[in-house]
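**Student:** Output the structure for:
(chains A and B)
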Amino acid sequence: MSGHLTIHAAGPGSSVQDMGRAGFLAYGLTRGGAADQMALHEAAALLGQSATLGAIEMVGVGGTFESDVDTVIALTGAEMSASIDGSALVWHASHALPKGAKLKIGGALKGTYGYLSVAGGIEAPQIMGARSTHFKAGIGGALEAGQSLPIGVTPTQRAGFVIHASGRFAGGDIRIVPSVQTDQFSPETLARFTQTTFRRDARGNRQGVRMDADTDGFFVDGGLSIVSEVITEGDIQITGDGAPYVLMCECQTTGGYPRIGTVLPCDLARVAQAPVGAPLRFRFVTMDEAREIELKARAEIKALAGRAQPLVRNPHEMSDLLSYQLIGGAISATTDPFAD
Amino acid sequence: MMSYPQIKTVGLSGLLVTFAEKMSSPANRAALAFRAAVVAADWPEVRETSMSLVSVYVVADLVSEDIPKLITKLENLLSQTDWYAAPLPEGRRLWHVPTVYGTDLAPQLEEAAELAGVDPDTAIQQLSTTRMRVLTIGFAPGQPYMGELGENWNIPRQQDLTKSVPAGALVAAIRQLVVFTAPTPTGWRHVGQTAFENFRQTADQPFALTPGDELLFPQVSRQALMDIMKSDTSGNGGAERETLP
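**Tutor:** A predicted model of the protein is given here:
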């Protein structure tokens, strides 16, 4: 059944996202799409639908939403406080959202980018093959109060499932491979780079995330005389002040700063989700290791669909039926050691 | 000394074929011709290609593809001809983009002319009759970096950024011209104004220009551009285009 999701309030920078637009690099447009693609895969597994459907990305702060039809939602990515008509909701789970009920999503408790997905997907207009907002390119835009977004038609509505989210919300170790200019950095600089524990700087968005550290900058030998060159998502650029910037999904297509390495695609969500101040360390792996790691990560994404579990309800706490405390233990038992 | 062309991996997202350490016209032409050859080869593992000033980015899934095999394929293609002397690809277009020079619409023409060592009229004559080629597209969607003006236009970018220069602005520095896609803070000098839209996101062809296209910026009056702005809905800003032989 189709309908509309009305936005009564939305945090700044909230937008519709999907897997982005590939194929336009030659024209200066990067893929864009969800800053944390894994969150869309997890939502798809919860709702039993495709991961390519549109969803709402929320940056640090949620909003208030209402549907004009009975539907089902999934909450993934950065854990945020959430409730429907005052009843608390488990994050990383799917829930029935009755027609006219108020879904309230608060601030992020862990991580940066939270996602609200709806059965059938958010059907914002398709522009150049995707529904995602690309802020840097001026495609789409931030969600505003009063806006109503169409929801897609779906035969399946499956509420009451929970999924174990891969730990990526508190920084940690980031695996990287050498990049085009890695060999222009001295072995000492590279060693110092991998030995430094960085902190996610407050300066970070969908274009890039700055890394802060109590150490000197990481300059190349011979200074900044690099011709403007292709840059990609995941590249770690060393800017003029010597600080690393990890380039994210809305980065430019060319840049003139040297790059010290490139983050593996499967570790990029960990960079995106790291809250301000979270520790991050970079570790080089060989291309062969990187391929193996990435293949494994892809296999895990494929297996996600079978990993959604019915939300266990405790009959003794019926008034608090969907509260996250009920499954907190179940999640932490298998949580990634870097996640908290 | 490094020798060129060089092939390097770009993370796990593809391979970069670089033709020179610095921008030069032969290296840019080599990249242009080589990219066209990779596109024409239509290899199944190549997802897309792009070019920067002196290199070609070949996007392929380095997780699942055989990397040495793909490198060998590129090396074989590189060895087939002298890419630095290769002819420019076919199917390129020449655009004539009506441009207002100076006035309140392009307030840095005089300043730029002085830096280029010529009077404003000569500057306009040079800027409006030099055929510019799109060297690369980047920074913003569809935004062309074009070369190359005469040696006297090797003017530096200004130290302080102009807070915002409008979309369609024609700006100059380092013997190159750029038409801005969107309002942009910049150190390039604002010498002309066009109504040309590089990026038309709802059109069937969202990007007007492609690397290798050539452009001329003939002078029109301020009133003529105003009339174009009023009547044009195509995004071409009154520009005419022809296919180059």
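**Student:** Nearest spatial neighbour of the residue in the stretch 101-250 of chain A that chain B sits nearest to, chain-adjacent residues omitted?
**Tutor:** Here the residue of the stretch 101-250 of chain A nearest chain B is A:V230; by C-beta to the nearest C-beta that distance is 4.3 Å. Yep, even glycine has a C-beta here, placed from its N, CA and C like the rest. Closest residue in space to A:V230, ignoring its immediate chain neighbours: B:Y57 at 4.3 Å, by C-beta to C-beta, 6 or more residues apart in numbering or on different chains.
**Student:** which residues does the one you found contact?
**Tutor:** Counting by C-beta atoms under 8 Å, 6 or more residues apart in numbering or on different chains, B:Y57 touches A:25, A:230, B:10, B:14-16, B:49-51.
**Student:** Give me the longest helix you can find in chain B.
**Tutor:** In chain B, with assignment by DSSP state H, the single longest helix is helix B:25-41.
**Student:** so what does that helix touch, helix or strand wise?
**Tutor:** For helix B:25-41, the packing partners by 3 or more C-beta pairs under 8 Å, 6 or more residues apart in numbering or on different chains; DSSP states H and E come out as strand B:48-51, strand B:55-59, helix B:67-78.
**Student:** what pairs with A:I105 across the strands?
**Tutor:** Counting by DSSP bridges, A:I105 is bridged to A:G63, A:A82.
**Student:** Just the endpoints, please. Distance across stretch A:177-193?
**Tutor:** The straight-line separation of the ends of stretch A:177-193 (C-alpha to C-alpha, to the nearest Å) is 13 Å.
**Student:** how about that stretch against chain B, any contact?
**Tutor:** Yes - residues of stretch A:177-193 contacting chain B under C-beta under 8 Å from any C-beta of the partner chain: A:177-180.
**Student:** Tell me the buried residues in stretch B:5-20?
**Tutor:** Neighbour counts over stretch B:5-20 (16 or more other C-beta atoms under 10 Å in any protein chain shown) mark B:5, B:7-20 as buried.
**Student:** again with stretch A:21-34
**Tutor:** A:21-22, A:24-34.
**Student:** Would you confirm that A:D85 contacts A:G100?
**Tutor:** No - counting by C-beta atoms under 8 Å, A:D85 stays clear of A:G100, with 9.2 Å between them.
**Student:** Next, count neighbours for A:S148.
**Tutor:** A:S148 has 12 neighbours, counted by other C-beta atoms under 10 Å in any protein chain shown.
**Student:** helices or strands up against the worst-scoring helix or strand of chain B on mean pLDDT?
**Tutor:** Least confident element among the helices and strands of chain B, by mean pLDDT, DSSP states H and E: strand B:184-186 (a mean of 91). Secondary-structure packing of strand B:184-186 (3+ C-beta pairs under 8 Å, 6+ apart): strand B:162-165.
**Student:** what does the strand it packs on contact?
**Tutor:** Applying C-beta under 8 Å, 6+ apart, the contact partners of strand B:162-165 are B:108, B:171, B:180, B:183-188, B:190.
**Student:** What count of nearby residues applies to the spatially closest residue to A:G23 that is not a sequence neighbour?
**Tutor:** Excluding its sequence neighbours, the residue lying closest to A:G23 (C-beta to C-beta, 6+ apart) is B:E48, at 5.2 Å. By other C-beta under 10 Å, 15 other residues sit near B:E48.
**Student:** Hmm, B:E48 is touching A:R21, no?
**Tutor:** No - in this structure B:E48 lies outside contact range of A:R21 using C-beta under 8 Å: 11.1 Å.
**Student:** tell me the contacts of the residue nearest to A:G33 when sequence neighbours are not counted?
**Tutor:** Among residues not flanking A:G33 along the chain, A:G20 sits closest, at 2.5 Å (C-beta to C-beta, 6+ apart). A:G20 sits next to A:31-34, A:130, A:132, A:134, A:249 when contact means C-beta under 8 Å, 6+ apart.
**Student:** need the contact list for the residue of the stretch 101-250 of chain A closest to chain B.
**Tutor:** Residues in contact with A:V230 (C-beta under 8 Å, 6+ apart) are A:180, A:253-254, B:10, B:16, B:50, B:52, B:55, B:57.
**Student:** can you redo the residues you listed as CSV with distance to A:A305 and pLDDT?
**Tutor:** Converted to CSV, the contacts of A:V230 look like this (distance: C-beta to C-beta, whole Å; pLDDT from 0 to 100):
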residue, distance to A:A305, pLDDT
A:V180, 37, 90
A:T253, 33, 93
A:T254, 38, 90
B:V10, 31, 96
B:L16, 36, 97
B:S50, 34, 96
B:S52, 39, 93
B:S55, 40, 96
B:Y57, 33, 98
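**Student:** Taking chain B, what residue is nearest to chain A?
**Tutor:** B:G11 (3.3 Å).
**Student:** Got the phi and psi for that residue?
**Tutor:** According to degrees, to the nearest 10, the main-chain angles of B:G11 amount to phi 50, psi -130.
**Student:** Distance-wise, check the closest residue to B:A208 other than its chain neighbours relative to B:V179.
**Tutor:** Nearest non-adjacent residue to B:A208, counting by C-beta to C-beta, 6+ apart: B:N198, 5.8 Å away. Separation of B:N198 from B:V179 (C-beta to C-beta, to the nearest Å): 6 Å.
**Student:** so what sits against both of these two?
**Tutor:** Residues within reach of B:N198 and of B:V179 at once, by C-beta under 8 Å, 6+ apart, are B:143-144.
**Student:** out of these two, which sits in the more crowded spot?
**Tutor:** A direct count of neighbours by other C-beta under 10 Å for B:N198 and B:V179 places B:V179 higher, at 29 against 24.
**Student:** And the helices in the stretch 151-300 of chain A?
**Tutor:** Using DSSP state H, counting those that start in this stretch, the helices of the stretch 151-300 of chain A run over A:187-195, A:268-273, A:287-303.
**Student:** can you list the residues of the stretch 51-200 of chain A near chain B?
**Tutor:** Contact residues, the stretch 51-200 of chain A versus chain B (C-beta under 8 Å from any C-beta): A:127-128, A:136-139, A:177-180.
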